[in-house]
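> The following comprises the amino acid sequence and a computationally predicted model.
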Amino acid sequence: MCDSFIALADATLDGSLIFAKNSDRPAGEGQTVQGFPARQYEPGAIVACTYIEIPQASKTLSVLLSKIDWMWGAEMGVNEAGVVIGNEAVWTNLAPGQAALLGMDLVRLGLERGATALAAVEVITGLLQTFGQGGACANGDASFTYDNSFLIADVNEAYVLETAGKNWVAKRIDKGTANISNRLSIRAQYDLCSDGLREAVSSPDPAHQNSSIDFAARFSEASLTIEPGSREHWGAQYLAEHSGKISPQTMKDILQDHQSGICMHGGFETTASMVVQLHRDGAMNLWVVDDPHPCAGQYRQMRPFE
């Protein structure tokens, strides 16, 4: 589930960049905001992610994460360099992979190792292609597995990154707004893609072998267009209605909305909510609800990394 939103400078009231996300998880699952300081590591150090161990970076950035209690990774967060990331579950036509990196692990790794949005894209995609993604995404339910999409931003730009197994594409966003939900949305227009993508889905017709791949059409199990009345539909409509005057409060209102189902109740529920505002002078504002149902809670303001 989940919904992630971004408004770049031309779409906001004060020229800042504003990121927002609701984390929708199995009802009753614990999720809390946790901070982890920057660290340096000796050569050969390893990091134990949710299911596998991988080599540790020589140094990591300080991060603030909205973290599911039983996982190593995080649903969303921000780092000291002003990079924000959120992930979404997407269902593809590839068979589930064996236990590897979860999308939530990749969110945390991207934040700990990426000092810009593009650098975080490169971190996530490099680790994805090296180690793969896979494993149960709900505690005690081995059948609940999925691939991932990501919304990654810094104060200057954002990227939508979508994956299917080790295959991926990324589309750069440098103005306006964007939102992602639980489907692959990138078609044949993208800025970056995985090595070997064309070979993996190559056409037998030589005339088409060098053309861009329609990523969603090739890998998605969901609709190729936004379904009317869906959370994604409502989210895009709300962003369009407020474009040019979006504020942190606008994003909070969207995340608390019931008509759309963006604030989710039931067997899956919104277990945490986050809004991050990034200014060009380096200032950062952050608001979180780390209890279920943002509609019933108060966003508390935090000032990380001060």
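Received the coordinates, thanks.
> pLDDT weak spots in this structure?
198-211 (pLDDT under 70).
> State which helix of it is the longest.
Across the chain, the longest stretch assigned as helix under DSSP state H is helix 117-131.
> so what secondary structure elements neighbour the helix or strand following it?
Under the assignment DSSP states H and E, the closest C-terminal helix or strand after helix 117-131 is strand 147-153. Strand 147-153 is packed against strand 3-7, strand 17-26, strand 84-90, helix 103-113, helix 117-131, strand 158-164, strand 177-180, with contacts defined by 3 or more C-beta pairs under 8 Å, 6 or more residues apart in numbering; DSSP states H and E. C-beta coordinates here come from the backbone N, C-alpha and C atoms, glycine included.
> Please identify the buried residues of the longest helix of the chain?
117-125, 127-129, 131 (16 or more other C-beta atoms under 10 Å).
> Specify the angle between it and strand 84-90 in degrees.
Relative orientation of helix 117-131 and strand 84-90, computed by axes from the mean of the first three to the mean of the last three C-alpha atoms, to 10 degrees: 40 degrees.
> Now do Glu306: how many residues are near it, please.
6 (other C-beta atoms under 10 Å).
> just Asp195 next, same as before
12.
> where does it land in three-state SS?
Assigned by DSSP: H, G, I helix; E, B strand; the rest coil, the conformation of Asp195 is coil.
> wait, doesn't it sit right on Gln129?
Yes. Assessed by C-beta atoms under 8 Å, Asp195 is found in contact with Gln129 at 7.0 Å.
> picking that back up, got CSV for the buried residues of helix 117-131, with distance to Leu111 too?
Formatted as CSV, the buried residues of helix 117-131 follow (distance: C-beta to C-beta, whole Å):
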residue, distance to Leu111
Ala117, 11
Leu118, 14
Ala119, 11
Ala120, 7
Val121, 12
Glu122, 13
Val123, 9
Ile124, 10
Thr125, 15
Leu127, 13
Leu128, 15
Gln129, 19
Phe131, 17
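> Go through the residues you listed and name the one nearest Pro248.
Ala117 (19.6 Å; C-beta to C-beta).
> Could you find the closest non-adjacent residue to that closest one?
Asp154 (4.3 Å; C-beta to C-beta, 6 or more residues apart in numbering).
> likewise Asn139?
Nearest to Asn139 is Trp70, by C-beta to C-beta, 6+ apart, at 4.8 Å.
> any idea how far Ser273 is from that neighbour?
20 Å (C-beta to C-beta, to the nearest Å).
> now Ser181
Counting by C-beta to C-beta - Ser181 and Ser273 are separated by 15 Å.
> Using the three-state scheme, assign Trp168.
Going by three-state DSSP: Trp168 is strand.
> what's near enough to touch the nearest residue to it once chain neighbours are set aside?
Once flanking residues are discounted, Trp168 sits nearest to Ser194: 4.6 Å by C-beta to C-beta, 6+ apart. The contact partners of Ser194, taken as C-beta atoms under 8 Å, 6 or more residues apart in numbering, are 125, 129, 166-169.
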